[in-house]
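Student: Any chance you can model this:
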Amino acid sequence: MRRVVAAVVLLCSSAYSGQMPEGKAFTNSIGMKLVRIEPGTFVMGFQQKRLDDSLCSYDYQKDGDADEQPAHEVTITRSFYMGVYEVTNAQYEKFDPTHRYLRGKMGFSIENDEAVVFVSWHDAQSFCEWLSRKEGRPYRLPTEAEWEYACRAGGTSIFHTGDSLPDSFFKNSRYSWYPDPARGNGREEVVPLHVGKTMWNKWGLYDMHGNVEEWCYDWYGPYEAGHQVDPVGRTDGDIKVARGGSHSTLAYYMRSANRMGAVADERSWVIGFRVVLGEMPATAPAPAVRPNLHQRDVQQVVPADITKGPDPEEPYFGGPEKYVIIPEDANGPIFPNHNHVPNIVQCANGDLLAIWYTCVSESRRELAIVASRLRYGSSKWERATMFWDQPDRNDHTPALWCDADGTLYHFNGFAATATWGSLAVIMRTSEDNGASWSKACIILPEHNIRQMPIESIFRTRDGQILLPCDAVTGGSGGTAIYLSGDNGRSWKDPGGTIAGIHACVAQLRDGRLMAFGRGDNIDGMMPVSISDDMGRFWHRKASIFQPVGGGQRPVMLRLKEGPLCLAAFCRDMMIVDASGGERPVSGLFAAVSYDDGVTWPHIRLVSHDGADTTVETMDGREFKLGFATAEPRGYLSICQGADSLVHLISSRQHYSFNLEWLETPPPEEVE
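Tutor: Below you'll find the model as predicted:
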């Protein structure tokens, strides 16, 4: 009898599946109100000639973001119903009752009628699937095109309210640092997220600008030019589209045309969703985006002469060679203004790969990650192309590492909104020299301090990956480390804090860890921290080196030949030259230690030691490179190639040298 009843229920459900309601509005079984959106054609993307100054922080924003172009005509061929409001806590918890324990997390979304937050794209998708099974109707997330079509409601203005937003749409409208305890404004940045408190659009939809961002169905990618019919995004990707803007952001990011996105597993206090009722368009997704320049035609054969470099018995110094090559017409998402915080590795095929972030302002939403490749046998770096980006998130900051087996690891912090106040962290890997990458996996999902990845990744003697991360957002306060014993699947924070941010870390021969950092200076000198318990506690003392400051980052590397190599910055530091005498130098220097940092017998400028030449440093500023001066500032990154050449990059220049050069005293001054 039970089997017969089950069969009848199944048949009824099958017969009911896909049946659409009738009329202009519909209220479903859990009290959701939906309105019918009729088919039509609209122009998707940026349509304004120029945005008003009141909406733009920077001049480039007056033409909208690059990913909003080209504006193109889109036809929606079938009607669908869309939720009048964003999904609320009460509605979502009918599907997932355990979500009630997240109400009030960080202070947000406590009451039944507030928009649900801390839901991933997968959570939102699962809710739609649950509701579809419950009612036998096709609920889903809106496509990005459907969302913008519904938001505009037949209009062409910046917002559905016109070219400005009424005050009721603004909730903590700022570049928010919350919940960073050092820079945030505390609980005054927590705002209510009740739905339906703003002006509805002409088609009866509320909260299309602000309140919370809304997940869309699509994989994020550039727009296709020309007329589109029922587009559904790309075939695949790292990023799912989010639309509408949220609390704790500016009006510019709430525009109808503005596009955001996040890793599908992201759960934050700014993203929720609304549902659509209607069959999914049958349109085929747009093809995968063509690989960027640094991913194209990547050689997969290891060169036979990869270990043969300059004679190791002779001093070798090369550079500086500019590796930050920004296209002349760059105006987003790659910017000419501020290219900074680099990382460099040598791939298994001999190529050098460098990544760094590009932006106008470090604390804003436009910050993205770019890359350049120096192909094996070439003397010139390629122009910069996009490496990784969550649109309109502050992706702060990148870290790159090549394991002994040739696997590349990319780590990146990312904010929920702007600023680097509280970051989560993703990891990607490549087993083909950076030609392709695994999907971004969130390895540290809770947005927090102590989670800004930095240079200096290595595998410890017991097989763990060590990832340093700034522990604070200010100029002092220290560095944390994270350890993974399973190749990045899980991570632990031992709990201790290195003195100084941006710390470079190495493991000593006896298993202890040593680190040098910026800030937290001791007796006016750069601090050195030692841990004999793998980072649970750090002993701090003054080093022999001058402290580094703003726009500077030290690096350290265990060379294949055995000694440690440290690079940092100085001013009027005395070095010993070839005559055995001392003379002052300023700028970027390198030092060698054979006794794990007890002494540093060889210290010299990173320079050609000749006549002064004019060279670019960070942000295009100029400096004199010569006998007594070297690059005055820059965030450094270091690696050693298969031929034992050391590759050191600043925020703009690439230097290379061997151990023999490091050990050779610089020339004495010639009068």
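Student: Check G626 and give its pLDDT.
Tutor: G626 is assigned a pLDDT of 96 by the prediction.
Student: where do the helices sit along this structure?
Tutor: Secondary structure of the chain (DSSP state H): helices at 2-16, 89-95, 121-135, 144-152, 659-663.
Student: just how off-centre is the last one within its chain?
Tutor: Meaning helix 659-663. 36 Å (C-alpha atoms, centre = their mean, to the nearest Å).
Student: pLDDT below threshold where in the stretch 51-200 of the chain?
Tutor: Residue ranges of the stretch 51-200 of the chain with pLDDT under 70: none are present.
Student: Going along the chain, name the strands of it.
Tutor: 72-76, 80-83, 139-140 (DSSP state E, counting those that start in this stretch).
Student: got these as CSV, with distance to G587 columns?
Tutor: Placement of C-beta: from N, CA and C, glycine included. Below are those laid out as CSV (distance: least, C-beta to C-beta, whole Å):
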stretch, distance to G587
strand 72-76, 51
strand 80-83, 60
strand 139-140, 59
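Student: so which of those strands gets nearest P398?
Tutor: Of all those, strand 72-76 sits nearest to P398, with 32.0 Å by C-beta to C-beta.
Student: and that closest one, how far from the chain's centre?
Tutor: Centroid separation for strand 72-76 versus its chain: 31 Å, with C-alpha atoms, centre = their mean.
Student: same for it, what does it pack against?
Tutor: Other elements packing on strand 72-76 under the criterion 3 or more C-beta pairs under 8 Å, 6 or more residues apart in numbering; DSSP states H and E are strand 40-44, helix 144-152, strand 228-229.
Student: what's the closest of those to E668?
Tutor: Among those, helix 144-152 comes nearest to E668, with 66.1 Å by C-beta to C-beta.
Student: Residues touching that closest one, excluding its own?
Tutor: 37, 40, 42, 44, 74, 76, 80, 82, 142, 160, 201, 203, 205, 208-209, 214, 216-218, 228, 230-233, 241, 243-244, 256-257, 259, 276 (C-beta atoms under 8 Å, 6 or more residues apart in numbering).
Student: what's the angle from that helix to strand 40-44?
Tutor: Taking axes from the mean of the first three to the mean of the last three C-alpha atoms, to 10 degrees, one finds helix 144-152 and strand 40-44 inclined to each other by 100 degrees.
Student: about what we covered before: so which of the strands of the stretch 51-200 of the chain is the most surrounded?
Tutor: Most buried of the strands of the stretch 51-200 of the chain by mean neighbour count (mean count of other C-beta atoms under 10 Å) is strand 80-83; its value is a mean of 24.
Student: The closest residue to G83 other than its chain neighbours and P398: what is the separation?
Tutor: Setting aside the residues directly before and after it, G83 is nearest to R274 in space (C-beta to C-beta, 6 or more residues apart in numbering), at 4.0 Å. To P398, R274 is 33 Å away according to C-beta to C-beta, to the nearest Å.
Student: For those two, indicate the residue with more neighbours.
Tutor: Between R274 and P398, R274 has the larger neighbour count (other C-beta atoms under 10 Å), namely 29 against 24.
Student: V345 pairs with what?
Tutor: Note on V345: beta-bridge partners by DSSP bridges are L353.
Student: cool, and F589?
Tutor: A568, L605.
Student: For C151, see how far away it is.
Tutor: 56 Å.
Student: picking that back up, how about the helices and strands packed on strand 72-76, which one is nearest W491?
Tutor: Comparing those under C-beta to C-beta, the one sitting nearest is helix 144-152, at 33.0 Å.
Student: Show the buried residues in the contacts of helix 144-152.
Tutor: 37, 42, 44, 74, 76, 80, 82, 142, 160, 201, 203, 205, 208-209, 214, 216-218, 228, 230-233, 241, 243-244, 256-257, 259, 276 (16 or more other C-beta atoms under 10 Å).
Student: From A354, how far off is A262?
Tutor: Between A262 and A354 the computed distance is 26 Å (C-beta to C-beta).
Student: Verify the stated contact: L648 with S607.
Tutor: No: using C-beta atoms under 8 Å, L648 is not in contact with S607, being 11.9 Å away.
Student: contacting residues around C216?
Tutor: Shown in contact with C216 (C-beta under 8 Å, 6+ apart): 141-144, 147, 233, 240-243.
Student: repeat that for 10 Å
Tutor: Going by C-beta atoms under 10 Å, 6 or more residues apart in numbering, C216 touches 121, 124, 141-148, 232-233, 240-244, 259-261, 273-274, 276.
Student: Please identify the nearest residue in space to it, excluding sequence neighbours.
Tutor: V241 (4.2 Å).
Student: same thing with G488?
Tutor: M427 (5.2 Å).
Student: Counting neighbours, what do you get for the one you found?
Tutor: Neighbours of M427 under the rule other C-beta under 10 Å: 23.
Student: Over to A611?
Tutor: So A611, with other C-beta under 10 Å, has 9 neighbours.
Student: Nearest spatial neighbour of it, chain-adjacent residues omitted?
Tutor: Closest residue to A611 apart from its sequence neighbours, by C-beta to C-beta, 6+ apart: G626 at 6.0 Å.
Student: Is there a neighbour count for that neighbour? I'd like the number.
Tutor: Residues lying near G626 (other C-beta under 10 Å) number 18.
Student: Report the contact partners of it.
Tutor: By C-beta under 10 Å, 6+ apart, G626 lies in contact with 587, 605, 607-615.
Student: swap in K439?
Tutor: K439 makes contact with 236-239, 263-265, 426, 428-429, according to C-beta under 10 Å, 6+ apart.
Student: for the helices of the chain, which one sits closest to A25?
Tutor: Across the helices of the chain, A25 has its closest neighbour in helix 144-152 (14.2 Å, C-beta to C-beta).
Student: Specify the angle between the closest one and strand 72-76 in degrees.
Tutor: Put simply, helix 144-152 runs at 90 degrees to strand 72-76, going by the same axes, to 10 degrees.
Student: for this structure, which spans come out with low pLDDT?
Tutor: Counting by pLDDT under 70, the chain has low-confidence residues at 1-18, 670-671.
Student: Pull the number of nearby residues for the spatially closest residue to W219 that is not a sequence neighbour.
Tutor: Taking C-beta to C-beta, 6+ apart, and ignoring the residues beside it in sequence, W219 has G237 as its nearest neighbour in space, at 3.7 Å. Per other C-beta under 10 Å, the neighbour tally for G237 reads 20.
Student: Hmm, G237 is touching P287, no?
Tutor: No: contact criterion C-beta atoms under 10 Å: G237 and P287 do not qualify, at 11.6 Å.
Student: What separation is there between the residue nearest to E431 when sequence neighbours are not counted and T617?
Tutor: Nearest non-adjacent residue to E431, counting by C-beta to C-beta, 6+ apart: T407, 5.6 Å away. Using C-beta to C-beta, we find T407 at a distance of 33 Å from T617.
Student: Give me the more crowded residue out of these two.
Tutor: Between T407 and T617, T617 has the larger neighbour count (other C-beta under 10 Å), namely 22 against 15.
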